[in-house]
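J.: show me the folded form of this:
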Amino acid sequence: MKRERAKLARIRRREREALRKQKQREKLAAAKARAKEKEAARIKKAPSAFGLYLQDHSKAVRDALPAGAASGMQRQALAFKVLAERFKVLPEAEKAPYEARSAALKAKVAEARAQAKAENSAKAALTPYILFFKESYSATRAAHPDLNAKQVAAKMGQLWKAMPAEQQQRYRDLSEADRKAKGLPELKKKAAAQTQAKRA
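T.: Residues are numbered from 1 along each chain as shown. Predicted coordinates:
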């Protein structure tokens, strides 16, 4: 009986350990999938004119290097050095196509980032405090020229906390109108009160 209980305990320990490891693997796989998805959605920086020149010519330069000159990353570093020297003395007429391509790609990236920013902004409503901040920041900054940006922001927080509830209500109404305009669900009164309490 004792041996059977000990054997059963060992089996259960192995099962628990196997389950723990399985959960760890699933957690790691989920984290990798999220990271991969985030990387795929990330808007990458547009290449410079030299970056495009490098893309076009690096393979040819690497292949042209002597077989025993270097290997792996060393060959890549040598090719980079050779192409950097060539690009420095490249005539402007030959550089122009790379600069034009780079400028076009940068404009495309800037447009994509602006669109992503607008889409993200559309997903969230402006809070009452943010509406107050945007409306009053310039006037507060002008009224306190001796304060830096961080101190002005702190001053804005103080002004908001000291503001009567009736005046704050105007910004709450504007915030709710912004939520409706963006098709977002109405903020529940309890959640709104908690958010307001945190801000105060």
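J.: following the helix or strand hosting Ala93 in sequence, what is the next regular element?
T.: Ala93 is part of helix 92-123 when elements are defined by DSSP states H and E. Next helix or strand after helix 92-123 toward the C-terminus (DSSP H and E): helix 128-143.
J.: on that earlier part again, what packs against the helix holding Ala93?
T.: In terms of contacts (3 or more Cβ pairs under 8 Å, 6 or more residues apart in numbering; DSSP states H and E), helix 92-123 is packed against helix 49-64. The C-beta positions use only the backbone N, C-alpha and C, and glycine is treated the same way.
J.: and the helix it packs on, how far from the chain's centre?
T.: Chain-centre distance of helix 49-64: 30 Å, with Cα atoms, centre = their mean, to the nearest Å.
J.: and the contacts of that helix?
T.: 47, 75-76, 78-80, 82-84, 86-87, 90, 95, 98-99, 101-102 (Cβ atoms under 8 Å, 6 or more residues apart in numbering).
J.: and if you look at stretch 10-30?
T.: So stretch 10-30 is in contact with no residue, going by Cβ under 8 Å, 6+ apart.
J.: which residue is nearest the centroid of this protein?
T.: Arg42 (7.3 Å; Cα atoms, centre = their mean).
J.: how near is that one to Asp178?
T.: 28 Å (Cβ to Cβ, to the nearest Å).
J.: returning to that earlier point: now the residue nearest to the centre of the chain: how far from Val109?
T.: 11 Å.
J.: what does Lys134 give?
T.: Lys134 is 27 Å from Val109, by Cβ to Cβ.
J.: okay, the two: which has more neighbours?
T.: In terms of neighbours (other Cβ atoms under 10 Å), Val109 is the more surrounded of Lys134 and Val109; the figures are 15 against 10.
J.: ok, longest helix in this structure?
T.: Looking across the chain with DSSP state H, the single longest helix is helix 2-41.
J.: chain center to it, what's the gap?
T.: Going by Cα atoms, centre = their mean, where helix 2-41 is centred and where its chain is centred differ by 31 Å.
J.: tilt between it and helix 92-123?
T.: 120 degrees (axes from the mean of the first three to the mean of the last three Cα atoms, to 10 degrees).
J.: low-confidence ranges in the protein?
T.: 68-70, 121-122, 187-200 (pLDDT under 70).
J.: any of the contacts of helix 49-64 buried? List them.
T.: Pro47, Arg75, Leu78, Ala79, Val82, Leu83, Phe87, Leu90, Tyr98, Arg101, Ser102 (16 or more other Cβ atoms under 10 Å).
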